[in-house]
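1. After the sequence you'll find the predicted model.
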Amino acid sequence: MKKAVFSSSKITQAAAGVLALLLMGGCAARSQALRGPSVVRPAAAPRIAVLPFRSSNPYIPGTVFGDQMAIQILSDVPGFEVIERGDLERILAEQRLSISGVVRARGLAGLGTVLGVDALLVGSVQTLKTVLGDQGSIVVTVKLVEVPTGKVLWGVREKTGHTAFVRREVTEVANLLMEKSVKKIAQRMGRELRPESLARAATFPSPEELLSQTRWLHSPR
């Protein structure tokens, strides 16, 4: 019976190979430990800008209604980042722009792009029954417009009335109508609209493109 004969050089080579494999495995494990587990970052909350509403009622100014609408959305509609009128005006003022000027030049979608939001909430207030000390009714139309497509993602037309036996100041009745209306609209928005429906698929312009757009808006025509 023949005995297997191993030379010292072969044994040395085999040992070196095993050692190399062990070192590689240790380095890989250490590298993985240093990197740590991968972290899945949640998607950013969709940004909605609430614009001043158009209003035909002198006791319910459109700017005030829009401000109340923004506050109510923050309270009743989770998952969205709401940009209020004051912030909108500040952003535009930094670029020496105005809401009406941008809308005239580029439309609602263009305004949304300049503001860097995912959607714009726009609306109007109409008087159905004259607001008096004991009664009144309004109808509010609201639309959520996607940026930059201009597509209407959600809309509602909500009628709100008020009748009382005790007469109040007309401004008090108007405030009650406004409070009821924004509450009903925000609650309905919370039931019917989800943040994922506003997937951030919009491609916002680069700083160079924004600068070019700003120059175009300021250029005389």
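-> Nice, thanks for sending it over. Residues are numbered from 1 along each chain as shown.
2. dump the residue contacts of residue 161.
-> With contact set as Cβ atoms under 8 Å, 6 or more residues apart in numbering, residue 161 has these partners: 128, 129, 135, 136, 137, 138, 177. (C-beta placed from N, C-alpha, C; glycine too.)
3. And the strands in the chain?
-> Taking DSSP state E as the criterion, the chain carries its strands at 47-50, 54-55, 81-83, 119-129, 135-146, 152-163.
4. what pairs with the third one, and is each one parallel or antiparallel?
-> This points to strand 81-83. strand 47-50 (parallel) (DSSP bridges).
5. can you list the residues that contact the partner strand?
-> So strand 47-50 is contacted by 66-67, 69-70, 73, 80-85, 88, 112, 115-121, 144, 198 (Cβ under 8 Å, 6+ apart).
6. Now which of the residues you listed would you call buried?
-> For the contacts of strand 47-50, a burial check counting by 16 or more other Cβ atoms under 10 Å picks out 66-67, 69-70, 73, 80, 82-85, 88, 112, 115, 117-121, 144, 198.
7. so where's the protein shaky on pLDDT?
-> 1-43, 199-221 (pLDDT under 70).
8. redo that, cut-off 80
-> 1-43, 197-221 (pLDDT under 80).
9. Helices of that one, residue ranges please.
-> Counting by DSSP state H, the chain has helices at residues 8-35, 62-76, 85-94, 99-115, 170-192, 207-218.
10. Pull out the buried residues from the third one.
-> It refers to helix 85-94. Neighbour-count burial for helix 85-94 [16+ other Cβ under 10 Å]: 85, 88, 91, 92.
11. isn't the last one right next to residue 103, touching?
-> Read that as residue 92. No - if you go by Cβ atoms under 8 Å, residue 92 and residue 103 don't touch, sitting 10.9 Å apart.
12. out of the buried residues of helix 85-94, which one sits closest to residue 187?
-> residue 85 (21.7 Å; Cβ to Cβ).
13. The closest one is in contact with residue 66, isn't it?
-> Yes - with contacts counted by Cβ under 8 Å, residue 85 reaches residue 66, the gap being 6.0 Å.
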